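> let's see this in three dimensions:
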Amino acid sequence: MSNPGLYADWPSLLKDRRLLLIVTGGVAAFRAVDLARRYLRAGAQVRVAMTEAGTRFVTPLTFEALTHQSCVWDMWSRPQAEIGHVAWSEWAEAVVVAPATANFLAKCAQGLADDFASCLMLAHEGPKLMAPAMNTGMWLNPATQANVRLLMERGLEVMVPPCGRLASGRIGPGRLPHPKAILRRTAWLLGPKPLKDKVVVVTAGATWESWDDIRYLSNRSSGQMGLALAQAAWLMGARVILIAGPSLEEPRWSGEGFDLIRVETTQRMLEAVLKSFPSVDVLVMSAAPADFRPRRVAGKIKKDQLDQTSLVLEQTPDILKTLSQRGQAPHQLVVGFAAESEELLPRARAKLVDKGLDFIVANQAGGPRSAFGAPDTQVWLLSRDGEELEIGPGPKFGVAWALWEKLVEKINS
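Next up, the predicted model:
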């Protein structure tokens, strides 16, 4: 059976969610405009509240034009028949503060409520996310750090501001996290957490096996399916380790429970998997490691040397076979991938048995339905007990999300 209702991408997790954005008075307030636009493009419903200081940097009219909703900053400008901060706090599924100044962090930590925005923070009983932005000295000040710890102890999510050049010219921590990073954290905040407290390792992309100093053997895998699987697992609450070959473009997801390990060869990928495996709950081997490598690596081979050069290949280590020989703990789940151009399901089933896997994901290699380098894919999830599930065709993230939903059923059982 197929799954028609697949997510187009991870921002679509925010579709129809009700978000309240609070903009406080820092230089980074102008970047909240981009953040609001990204929420709207993801399909979210957005309302904006501001502190009085925030209106000195960006006008409320800007947000009203974007959201087609009233922007409130004055506690006393509400309609008299409505208690504004209560009504807005009950409407919102999540509150996001971006930027969060040192002053606003301190007010929230102490429970102060002297304007519309701080009253909203006290009244809202759902998830709250704060994205600080301030001078490096203010961020590193022990008072600010104590306020951040207190807020996090109370269940608020506080992002760590990245390092970079600040408005003062100083270089250090204090920049507002990128709007895309705030968007991701919002999706994480609102999403289900069936993988909470689980450690997930995902391998992704092709590996390179050097032939000479500038040439290598590889394959067409882009690593996008593996990246989508890692992203979906993180959004479901897992701590994720992504072991990626060089074919995968740099994913901007590292940090905050999402670790990236770069490898080049199949041997290095094997070593990284073996090092991580003892602490793993779920291993997803979606990478396409090179099966062969040159027995001898030469210096740069010149064109006129081709007749004198022989390319002798040997097999690279079989990562899944090595794991199956070492064994796995009862709680561990190992998922393999099989890309075949012919007899897809029979060959995938044989690989599942041979490698001792719990599940295998089969997808087409070659031909018009090949998933290599394509934005969409179609897969079949085969289990050890004989079950077969068709997922797709659809966007790779949506297929990855649907795969995890099925795997979670197995984990919970």
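> can you check which helix is longest in this protein?
The residue-count maximum for a helix in the chain (DSSP state H) belongs to helix 396-412.
> can you list contacts of it?
Contact partners of helix 396-412, identified using C-beta atoms under 8 Å, 6 or more residues apart in numbering, comprise 3, 6-10, 194-195, 198, 224-225, 228-229, 231-233, 236, 281-282, 333, 335, 358-359, 361, 371, 375-379, 381, 383, 389, 391-392. All C-beta spots, glycine's among them, are computed from the backbone N, C-alpha and C.
> can you pull out the helices in the stretch 101-250 of the chain?
102-110, 116-123, 136-140, 142-153, 179-190, 224-235 (DSSP state H, counting those that start in this stretch).
> pick the most deeply packed of these.
Among the helices of the stretch 101-250 of the chain, ranked by average contacts under mean count of other C-beta atoms under 10 Å, first place goes to helix 224-235 (a mean of 27).
> low-confidence stretches in the stretch 151-300 of the chain?
For the stretch 151-300 of the chain, applying pLDDT under 70 flags the ranges 254.
> what about 80?
Low-confidence segments of the stretch 151-300 of the chain, defined by pLDDT under 80: 250-256, 298-300.
> tell me which residues touch the nearest residue to H124 once chain neighbours are set aside, please.
Nearest non-adjacent residue to H124, counting by C-beta to C-beta, 6 or more residues apart in numbering: S89, 4.0 Å away. Counting by C-beta under 8 Å, 6+ apart, S89 makes contact with L20, V95, L120, A123, H124, E125.
> do G26 as well
By C-beta under 8 Å, 6+ apart, the residues touching G26 are G54, F57, P99, T101, A133, M134, L176.
> spatially nearest residue to it, not counting backbone neighbours?
Computed as C-beta to C-beta, 6+ apart, the closest residue to G26 that is not its neighbour in sequence is P99, at 4.4 Å.
> burial count for the closest residue to T203 other than its chain neighbours?
Take T203 and drop its neighbours on the chain: the residue closest to it by C-beta to C-beta, 6+ apart is A287, 3.6 Å away. By other C-beta atoms under 10 Å, 27 other residues sit near A287.
> is it true that A287 touches V201?
No: taking C-beta atoms under 8 Å as the definition, A287 is not a contact partner of V201, at 10.8 Å.
> who touches both of the two?
Taking C-beta under 8 Å, 6+ apart as the criterion, A287 and V201 both touch I243.
> any chance you could map the strands in the stretch 301-413 of the chain?
For the stretch 301-413 of the chain, the strands defined by DSSP state E, counting those that start in this stretch cover 313-315, 333-340, 359-364, 376-383, 388-395.
> and the second one, what other elements does it pack with?
So that's strand 333-340. For strand 333-340, the packing partners by 3 or more C-beta pairs under 8 Å, 6 or more residues apart in numbering; DSSP states H and E come out as strand 282-285, helix 319-326, helix 344-355, strand 359-364, helix 396-412.
> hmm, try it at 7 Å
Using 3 or more C-beta pairs under 7 Å, 6 or more residues apart in numbering; DSSP states H and E, the elements in contact with strand 333-340 are strand 282-285, helix 344-355, strand 359-364, helix 396-412.
> ok, now the third one?
Using 3+ C-beta pairs under 7 Å, 6+ apart as the contact criterion, the secondary-structure elements in contact with strand 359-364 are strand 333-340, helix 344-355, strand 376-383.
> let me know the pLDDT of the nearest residue to R220 once chain neighbours are set aside.
Nearest residue to R220, sequence neighbours excluded (C-beta to C-beta, 6+ apart): F372, at 4.3 Å. pLDDT for F372: 73.
> thinking F372 is in contact with S221, fair?
Yes: counting by C-beta atoms under 7 Å, F372 touches S221, with 6.1 Å between them.
> contact partners of stretch 135-152?
Residues from elsewhere that reach stretch 135-152 (C-beta atoms under 7 Å, 6 or more residues apart in numbering): 102, 105-106, 108-109, 130, 132, 158, 161, 166, 168, 170, 172-174.
> find the residue closest to A94 in space, skipping its chain neighbours.
The shortest distance from A94 to any non-neighbouring residue, by C-beta to C-beta, 6+ apart, is to P127 (4.4 Å).
> and A339, by the same measure?
Nearest non-adjacent residue to A339, counting by C-beta to C-beta, 6+ apart: A365, 3.9 Å away.
> gap between C71 and H124?
17 Å (C-beta to C-beta, to the nearest Å).
> OK, contacts around M75?
Residues in contact with M75 (C-beta under 7 Å, 6+ apart) are D115, F116.
> just to revisit the earlier point, so which of the contacts of G26 wins on neighbours?
Scoring the contacts of G26 on neighbours with other C-beta under 10 Å, the highest-scoring entry is P99 at 29 neighbours.
> may I have the secondary structure class of that one?
Here P99 is recorded as strand under DSSP: H, G, I helix; E, B strand; the rest coil.
> surely it and A29 touch.
Yes: using C-beta under 7 Å, P99 is in contact with A29, at 6.1 Å.
> and Q325, how far from F292?
For Q325, the distance to F292 (C-beta to C-beta) stands at 21 Å.
> neighbour count for these two, which is higher?
Higher neighbour count among Q325 and F292: F292, with 13 against 10, using other C-beta under 10 Å.
> partner residues bridging that one?
Here F292 shows beta-bridge partners Q315, assigned using DSSP bridges.
> repeat that for L382.
I360, E388.
> residues in contact with it?
A348, R349, L352, F359, I360, A362, E388.
> equivalent analysis for R262, please.
Going by C-beta under 7 Å, 6+ apart, R262 touches A244.
> offset the numbering so it begins at 37, please.
New numbering, starting at 37: the last item is R298.
> how far away is it from V309?
Taking C-beta to C-beta, one finds R298 at 14 Å from V309.
> do the same with L212
Distance of L212 to V309, given as C-beta to C-beta: 36 Å.
> wait, the residue nearest to T239 sits on V238?
No: when contacts are counted by C-beta under 7 Å, A323 is not listed as touching V238 (8.4 Å).
> where does E300 land in three-state SS?
Following three-state DSSP, E300 is assigned to coil.
> count of residues packed around it?
If you count neighbours by other C-beta under 10 Å, E300 ends up with 14.
> point out where the stretch 37-186 of the chain drops to low pLDDT.
Across the stretch 37-186 of the chain, the ranges flagged by pLDDT under 80 are 37-41, 111-121.
> how about a cut-off of 50?
37-38, 40, 116-117 (pLDDT under 50).
> more crowded one of F408 and S257?
A count of neighbours by other C-beta under 10 Å puts S257 above the other of F408 and S257, at 26 against 18.
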